[in-house]
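Student: Let's see this in three dimensions:
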Amino acid sequence: METHVLESHLISDYLDKLPKSIRDHKVDILIIDSISDFMMLCNTEIERRGRLLSMFQEIRSNKSTAFITAESELVESEDTRGGVLKNLADGLIRLQRIQSDDFSEIIHVIQIVKMRWMKHSRSIRQYDITEKGIEVHSTYSVSMMLGR
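Tutor: Residues are numbered from 1 along each chain as shown. Here you go, the predicted structure:
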């Protein structure tokens with residue numbers, strides 16, 4: 001088995017180059033999967049906040065649309081990491097897998113938690129991924145905790 005070691009100066013280069021790449025390439029759409037990985041590369045909370053702020057400033061000044069995924073624990077946490085992401089993002093959509101009441105299947109649900117400048121439903125809805133795309137169903141009745 002081959003092992004690769006990522007040296008600290010390479011990590012620093014990556015963290016420094018991401019906002020610069022957003023600016024230099026003037027991308028219309030940016031996808032980061034996952035921001036959690038990006039944040040783990042930072043050594044301190046101050047560095048994390050600064051780099052996130054810098055990246056979001058570049059996204060906004062470039063007028064890019066960004067789709068950024070994050071671990072649910074990170075976004076939902078009450079610590080500063082989760083708070084920074086919630087405050088910087090214009091929209092927050094929760095995708096979750098929950099177990100059915102009879103434990104026979106996993107059900108996918110979606111909820112728009114936050115969408116600035118838009119009136120939106122906060123209902124939890126079931127969705128399926130099909131050959132035709134994503135099908136969002138009517139309001140889903142959840143009788144269990146969504147923390148599973």
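Student: use CA for all of it now, contacts and neighbours both
Tutor: Fine.
Student: what stretches of this structure score poorly on pLDDT?
Tutor: Across the chain, the ranges flagged by pLDDT under 70 are 1-12, 72-83, 139-148.
Student: Please enumerate the strands of this protein.
Tutor: In the chain, the strands defined using DSSP state E lie at 29-32, 65-68, 91-99, 106-115, 125-130, 133-139.
Student: May I see the buried residues of the fourth one?
Tutor: Translated: strand 106-115. 108, 109, 110, 111, 112, 114 (16 or more other Cα atoms under 10 Å).
Student: can I get the residues you listed in CSV with distance to residue 20?
Tutor: Formatted as CSV, those follow (distance: Cα to Cα, whole Å):
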residue, distance to residue 20
108, 36
109, 36
110, 33
111, 33
112, 30
114, 28
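Student: Can you give me the domain assignment for this protein?
Tutor: Listed by automatic domain parsing, the domain ranges of the chain are 7-89, 92-143.
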